[in-house]
Each structure stands twice: as C-alpha cells, then as structure tokens.
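**Q** I'd like to go over a predicted model; first the sequence, then the structure.
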Amino acid sequence: MVKMGKDYYDILGIKKDASEDDIKKAYRKQALRYHPDKNKSPGAEDKFKEIAEAYDVLSDPKKKDIYDRFGEEGLKGGGPSSGGAGGPGTFSYTFQGDPHAIFAEFFGGRNPFEQFFGGRNGDMDEDMETDPFTRFGMGGMGGSGMGGMGGRSSSLTRQQDPPVVHNLRVTLEEVFSGCTKKMKISHKRLNPDRRTTRTEDKILEVEIKRGWKEGTKITFPKEGDETPTNIPADVVFVLKDKPHLVFRRDGSDIIYPAKVSLRDALCGSTVNAPTLDGRTVTVTTKDVVRPGMKRRINGEGLPLPKSPDRRGDLVVEYEVKFPERLSQSARETIAQVLPPT
C-alpha cells in the first residue's frame, strides 16, 4: 500500500523493520542532535517537533500498526481503530504533545547534555553530534550494547524519590496485644496515557506485631506520587509510643513509678503495681527504700519482638515523697530515733 504524508521512519533515520530498541536509539540520537538548546540552525525547532511526533507514533504499538498499514493520512484521517484491514474506522490521531515534555520524559527529567557532555554549555563535538554515544562505546554505560541501553534507559535516568516518612503513634496496650492500623493516604497515579496524573486515595493496613519497639519501620514500596519522570517514593511508617498515663517504656520493660511516703520508705512498704493486662502485682519490701531504688518483676512487661511468647519485666521505680514540713515534736522524735550521719 502506498503511504502518503510524513515518513516517520525516514525522520528518525531508521528502516521500517526497526525494533523497539532501534526506535529508542534513533529518537535519542536525533532529539539530542536537533534540540533547540544545542542546535541553533534555522529549522531545528521544527525538526525537533517532527522527531517527537515520529517517536510518539512509532513507540506506541497501536499507532504504529495503523501507520504501517495506512500511512499518516490513515492515522490522522480515520484509519481503523483495531486490527482489521477495512476502511476508515474510529481512530484519529493528532499530535498535541509537547516535544520538550516528551524529551524530558524520555531522559527521566534530567539534563542529558550535562550527563553526556560534562555540563558544557558550548557546542557539541562533531563526533558526538553524529552519535552522542560514540565516546562511551556501544556498551559504555552498562556494557550490554546499545539495545540494552535503550531497554534500560529508564532505570539509568529515573531515580526513586526519597522515602515519605510518617510517624505512627501507638499505645503500650496496642504494642502489648498487637493490632492493625488502617492509614489513609492520597497519592498521584499515572493515567493510561502515561503522561497525565490523577489523585487516588488508598487505605494502607499496618500490622503492628506484639512487642514491636519504638522506631520500628514499616515500608510500603512505591506508594508515593507517580509521575512520568520518577520512580514513586516508598511510604514509611515509623512506630512512636504515645505517652502513657501510668507507665513509661524501656525497650521491652515497662517502668512503673511508685510513690511511697518517707515513713513507708523507712519502715517498709507495700505497692500494688498495675500491669498492662489489667491485673495488679503486690510488691512488698521491708528494706529501707532509697530514692531511685528499683524492684524488677520478671515477665510482666511487653512481649519480646523476636520471641513474643516471652516478655520483658515490670520495673517498680520508687519515688520517696518527703514531707514539706515537720512539727517540732516530730523533729525531736526523728532526731532521737535516727542515728547521726
């Protein structure tokens, strides 16, 4: 069939049996050669747009199939929309893309001139203008030949965004028992055209396992915003303890501050210490209680992260309450009873 109109293969300088990698290589070469930032010759801007249109068609299997069978007129004037060989169909193509956006998308948003030419602002060397990969050899960037370079261009130029980190606050009771938190996020996702984006809401279920320590990170890969030029960031939740009304945490141990009077500190005391599962543990001592003294109750703390069937300890940390004032008679009595230092 005689094809009329633009010859996209000729524009890119390739044959009609060119492979996908050949098309990528050809676009890369021609776009770098005619980019208006580097090529100041008359007509470079129009040529650059023409190259972008050719690549837009030939890199899309559906558009390429229609173009191969019906030419530019069939592509733009109502060629069949699917695999039949019949007359005009519902498919109609018009290039409305931004050639600079296609260029930026192809190179992952980076400046390829800086990547390949060392950041020079002057003209290209003659051999580099002919083929910007000459100096690196066919496998210079990865050792796998130009075909491999074309197939891996996105991994070489696109970088993953930094992780998006959120603090996830949990109670000691939730760490004690384990739980599932449902976190709602909003992120951008590419539309089928792979250029425009839409905003989507998503529920991420975070399973909090028994005994997890503060600072534990839970990662959801690539749940950040997606754009044509990036690899979405990982979304990371970092476990943070909510302040507790009674306890504070020390790894897998829980600390219970027990306030005792000066009298009990000197004469013996009994403390009813609460536990995370709602029980109480009686702790009795006849020793003199000094400020900061601790009593450890084995196995009454939080589950161990790596062995949740075992538990840390409940640590009773004594705080001695001193009276604000003493009567004269109390002073005299204490002076008689307590030995001088």
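**A** That came in fine, so what should we check first? Numbering: from 1, shown residues only.
**Q** where's residue 264, which helix or strand?
**A** helix 262-267 (DSSP states H and E).
**Q** can you pull the contacts of residue 268?
**A** Contact analysis of residue 268 by Cβ atoms under 8 Å, 6 or more residues apart in numbering lists 284-287. Every residue, glycine included, has its C-beta placed from N, CA and C.
**Q** of those residues, closest to residue 277?
**A** Nearest to residue 277, judged by Cβ to Cβ, of the contacts of residue 268 is residue 284 at 21.4 Å.
**Q** pull the number of nearby residues for residue 24.
**A** 22 (other Cβ atoms under 10 Å).
**Q** now it, what's its secondary structure?
**A** What DSSP: H, G, I helix; E, B strand; the rest coil gives for residue 24 is helix.
**Q** same check on the one 5 residues further on?
**A** Under the three-state scheme (three-state DSSP), the conformation of residue 29 reads as helix.
**Q** residue 16 contacts residue 8, doesn't it?
**A** No. Using Cβ atoms under 8 Å, residue 16 makes no contact with residue 8, being 9.6 Å away.
**Q** most neighbours, which of the contacts of residue 268?
**A** When neighbours are taken as other Cβ under 10 Å, the top entry among the contacts of residue 268 is residue 285 (17 neighbours).
**Q** distance of the nearest residue to that one once chain neighbours are set aside relative to residue 61?
**A** Counting by Cβ to Cβ, 6 or more residues apart in numbering, residue 269 is the residue found nearest to residue 285 once chain neighbours are left out, at 6.0 Å. Distance from residue 269 to residue 61, counting by Cβ to Cβ, to the nearest Å: 82 Å.
**Q** the more surrounded of the two?
**A** Just comparing residue 269 and residue 61: by other Cβ under 10 Å the higher neighbour count belongs to residue 269, 20 against 9.
**Q** that one contacts residue 287, correct?
**A** No. Contact criterion Cβ under 8 Å: residue 269 and residue 287 do not qualify, at 9.2 Å.
**Q** now do the same contact list for the most centrally placed residue in the chain.
**A** The chain has residue 234 as the residue nearest its centroid, 1.6 Å off, counting by Cα atoms, centre = their mean. Going by Cβ under 8 Å, 6+ apart, residue 234 touches 160, 163-164, 219-224.
**Q** please redo it, this time with the cut-off set to 10 Å
**A** The contact partners of residue 234, taken as Cβ atoms under 10 Å, 6 or more residues apart in numbering, are 160-165, 217, 219-224.
**Q** give me the contacts around the helix holding residue 264.
**A** Here helix 262-267 makes contact (Cβ under 10 Å, 6+ apart) with 260-261, 269-271, 285-291, 293, 318-323, 326, 334, 337-338.
**Q** give me the domain ranges for this protein.
**A** Taking automatic domain parsing as the reference, the chain has its domains at 8-157, 164-241, 248-321.
**Q** now the ones you listed in CSV, with mean pLDDT and distance to residue 330?
**A** Formatted as CSV, the domains of the chain follow (pLDDT from 0 to 100; distance: least, Cβ to Cβ, whole Å):
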stretch, mean pLDDT, distance to residue 330
domain 8-157, 68, 79
domain 164-241, 93, 40
domain 248-321, 92, 11
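**Q** neighbours of residue 200, how many?
**A** 11.
**Q** for it, list each beta-bridge partner.
**A** As for beta bridges, residue 200 partners with residue 187 under DSSP bridges.
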